[in-house]
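S.K.: Predicted model, plus sequence, below.
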Amino acid sequence: MTLSQDVATRRTFAIISHPDAGKTTITEQLLLFGGVVRQAGTVKAKKSGNFAKSDWMEIEQKRGISVTSSVMQFDYEGKRINILDTPGHEDFSEDTYRTLMAVDSAVMVIDSAKGIEPQTKKLFQICKMRGIPIFTFMNKLDRDGRDPLDLIAELEEVLGIEGYPMNWPIGMGKELKGLYDRYHKRVALFRADSDETTYLPLDENGDISDDQPLKTNSWYQDARDNIELIEDAGNQFDMDKIASGDQTPVFFGSALANFGVKTFLETYLQFAPQPAAHHTQEDDDVEPTDDQFSGFVFKIQANMDPKHRDRIAFVRICSGMFKHGMDVTLGRTGKTMRLSNVTQFMADTRENVDTAVAGDIIGLYDTGNYQIGDTIYTGKHKLQFEKLPQFTPELFVRVSAKNVMKQKSFHKGIQQLVQEGAIQLYTSYTTGDYILGAVGQLQFEVFQFRMKNEYNSDVVMEPMGHKIARWIDPEQLDERMSSSRNLLVKDLNEEPLFLFENQFAERWFKDKYPDVTLTAKL
Ligand code: GDP
């Protein structure tokens, strides 16, 4: 196979949703179709089973939320699928946002009883900003949900995206009879007691044949009326709009009952885009089929497997082909790195990988060389992909080792966990104290838990509350500007910034030092 043929088979996407909408359940179904797991419930079991003793999954279990994101790969009908899982909890939004930089499309799972929930909206907006195609799965049709017309209207009203129903529910909850599949021109019959789906073809009038008992069912007739309505007054199917993220194909179904999921996957694979070009800071576009290998690190995770105490830098390949043992340049340092210990992610195992192409995600075993946002490439042509979004922390804690004799593991743990990018580390100018900043409280809890579990280091965290972080040009800095209301600290790059107590403190500062420029982002 040529590189471009290979690349054309790749589908790399993330599933976005509000917690509990059914992302895990649907992921599991997809893996089942891909033959990666043999039994539904495996991914779920992971949440409470094998990993329980090892790590911060315990937190996840306790709080019933997913705090890690992972990569899953499988083959289906000649396509190679990379699913990037995104944690749904809002405290992990930063990690999630970066993950969304590494995909070519997104699947939005919505609980059809709840409609669009806050976290869905946030994640949607990131996808929208990137202009990537979004496919919608309205889940839990086996339960009574909202009127499907309402759900479609809500997409437009709340998210500003046109919905194009690919299928339409025939009844719902206990009365779920099936799905009217506009796209495949057939009706899928629902059977609560079986995974097998029977399909009835539609005639040229869009109807099932007269001898079918369903034909006279009022739910069927309702669905037909609704379909007619959307055919007359609804949106036209528009590939260009889908490609630019202005229209989303909508699929109804039930992940738990495994109803409509397979059709969804197959249709999605037809329309989902293959790997797209990536923009560089030098203002070029790197095409996935370029011979030159390139990729960027979008996530770093330490100790994924406690047996190995490893650290993995997740790389999205943007162009060319990765080959085991190849040398690449790390853009930030100019150093040559040999990629010899590289892994790919099947659902339950991690396998060593020999080759991978643009669109794929590979994991580099790392001993501290990589940072989030790093570009790696082969060839002489220097490359640096566009910056990944950084979020200014809003919550802060002062952190120290409980046992002063254990400073070594404390420092090691902090340095490694900070490199994963979910928390930021600052040092006080005057006292040298360590201060951590994060977008949400949960990140501190995970930090504390992992410090203990992975580095055997008990930490003391003293809450400092909300602060406004503003960077100051070192040339303009006078240490006497610092006070208790605007604490002077430095970040990991030794850049100075103030942590303002609140907006008043910031305004007061600006009035007092009108010539000083303060910036919000790193
Ligand atoms: P996540 O938080 O988005 O990953 O959601 P999960 O996949 O863990 O699902 C949350 C809950 O909803 C679980 O109890 C699932 O069994 C349930 N669930 C998921 N899909 C469906 C569905 O199609 N129908 C029903 N009735 N329940 C579902």
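M.R.: Perfect, I can see it now. Numbering: from 1, shown residues only.
S.K.: counting contacts, what elements does the host helix or strand of Thr136 pack onto?
M.R.: Counting by DSSP states H and E, the element that carries Thr136 is strand 134-139. With contacts defined as 3 or more Cβ pairs under 8 Å, 6 or more residues apart in numbering; DSSP states H and E, the packing partners of strand 134-139 are helix 23-33, strand 105-111, helix 118-130, strand 247-252, helix 261-271. Quick note: C-beta positions are derived from backbone N, CA and C, even for glycine.
S.K.: Write out the residues of the stretch 51-200 of the chain neighbouring the ligand.
M.R.: Within the stretch 51-200 of the chain, the positions adjacent to the ligand are Gly88, Asn139, Lys140, Asp142, Arg143 by Cβ under 6 Å from any ligand atom.
S.K.: Dump those into JSON lines; add neighbour count, distance to Val353 and pLDDT as well.
M.R.: As requested, those are exported to JSON lines (neighbours: other Cβ atoms under 10 Å; distance: Cβ to Cβ, whole Å; pLDDT from 0 to 100):
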{"residue": "Gly88", "neighbour count": "26", "distance to Val353": "28", "pLDDT": "57"}
{"residue": "Asn139", "neighbour count": "28", "distance to Val353": "33", "pLDDT": "98"}
{"residue": "Lys140", "neighbour count": "25", "distance to Val353": "36", "pLDDT": "98"}
{"residue": "Asp142", "neighbour count": "19", "distance to Val353": "39", "pLDDT": "96"}
{"residue": "Arg143", "neighbour count": "16", "distance to Val353": "41", "pLDDT": "96"}
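S.K.: What is the nearest of those to Lys23?
M.R.: Checking these against Lys23 by Cβ to Cβ gives Gly88 as the nearest, at 6.6 Å.
S.K.: just for the stretch 1-150 of the chain, where's the confidence low?
M.R.: Under the criterion pLDDT under 70, the flagged ranges of the stretch 1-150 of the chain are 37-69, 87-94.
S.K.: Near the closest residue to the ligand within the stretch 401-522 of the chain, how many other residues are there?
M.R.: Among all residues of the stretch 401-522 of the chain, Leu442 sits closest to the ligand, at 15.1 Å; criterion: Cβ to the nearest ligand atom. By the measure other Cβ atoms under 10 Å, the count of residues near Leu442 is 19.
S.K.: just how off-centre is the helix or strand it falls within within its chain?
M.R.: Element membership of Leu442, judged by DSSP H and E, is helix 441-455. Its chain's C-alpha centre lies 21 Å from the corresponding centre of helix 441-455 when counted by Cα atoms, centre = their mean, to the nearest Å.
S.K.: which residues touch the residue lying closest to Leu123 once chain neighbours are set aside?
M.R.: Taking Cβ to Cβ, 6 or more residues apart in numbering, and ignoring the residues beside it in sequence, Leu123 has Ile16 as its nearest neighbour in space, at 4.0 Å. Ile16 sits next to Lys23, Thr86, Thr96, Leu100, Ala106, Val107, Met108, Val109, Thr120, Leu123, Phe124, Cys127 when contact means Cβ atoms under 8 Å, 6 or more residues apart in numbering.
S.K.: Looks to me like Ile16 is in a helix.
M.R.: No. Under DSSP: H, G, I helix; E, B strand; the rest coil, Ile16 sits outside any helix and is assigned strand.
S.K.: And the helices in the stretch 151-300 of the chain?
M.R.: Residue ranges of the helices in the stretch 151-300 of the chain, as given by DSSP state H, counting those that start in this stretch, are 218-233, 239-243, 261-271.
S.K.: Return the member of the contacts of Ile16 nearest to the ligand.
M.R.: Taking the contacts of Ile16 together and measuring to the ligand by Cβ to the nearest ligand atom, the closest member is Lys23, at 3.4 Å.
S.K.: Distance of the closest residue in space to that closest one that isn't next to it in sequence relative to the ligand?
M.R.: Using Cβ to Cβ, 6+ apart and skipping residues adjacent in sequence, the residue nearest Lys23 is Ser17, 4.5 Å away. To the ligand, Ser17 is 5 Å away according to Cβ to the nearest ligand atom, to the nearest Å.
S.K.: And Val187, by the same measure?
M.R.: 19 Å.
S.K.: Please parse the protein into its domains.
M.R.: Here the domain assignment for the chain is 13-70+85-271, 278-377, 395-519, based on the TED database.
S.K.: closest to Glu386 out of those domains?
M.R.: Distances from Glu386 to each of the domains of the chain were compared using Cβ to Cβ; the minimum, 5.2 Å, belongs to domain 278-377.
S.K.: For the stretch 251-400 of the chain, what lies in contact range of the ligand?
M.R.: Counting by Cβ under 6 Å from any ligand atom, the residues of the stretch 251-400 of the chain near the ligand are Ser254, Ala255, Leu256, Ala257.
S.K.: pLDDT value on the last one, please?
M.R.: In this model, Ala257 is scored at 93, pLDDT.
S.K.: wait, what's in contact with the residue most central in space within the chain?
M.R.: When the chain is reduced to its mean C-alpha position, the closest residue under Cα atoms, centre = their mean turns out to be Thr86, at 3.3 Å. With contacts defined as Cβ under 8 Å, 6+ apart, the neighbours of Thr86 are Ala14, Ile15, Ile16, Ser69, Asp95, Thr96, Thr99, Leu100, Leu123.
S.K.: Now it: closest residue in space, sequence neighbours ignored.
M.R.: Skipping the residues right next to it in sequence, Thr86 comes nearest to Thr96 by Cβ to Cβ, 6+ apart, at 4.3 Å.
S.K.: That neighbour: neighbouring residues, count only.
M.R.: For Thr96, the count of nearby residues is 23 (other Cβ under 10 Å).
S.K.: For it, what is the enclosing helix or strand?
M.R.: Under DSSP H and E, the secondary-structure element containing Thr96 is helix 93-100.
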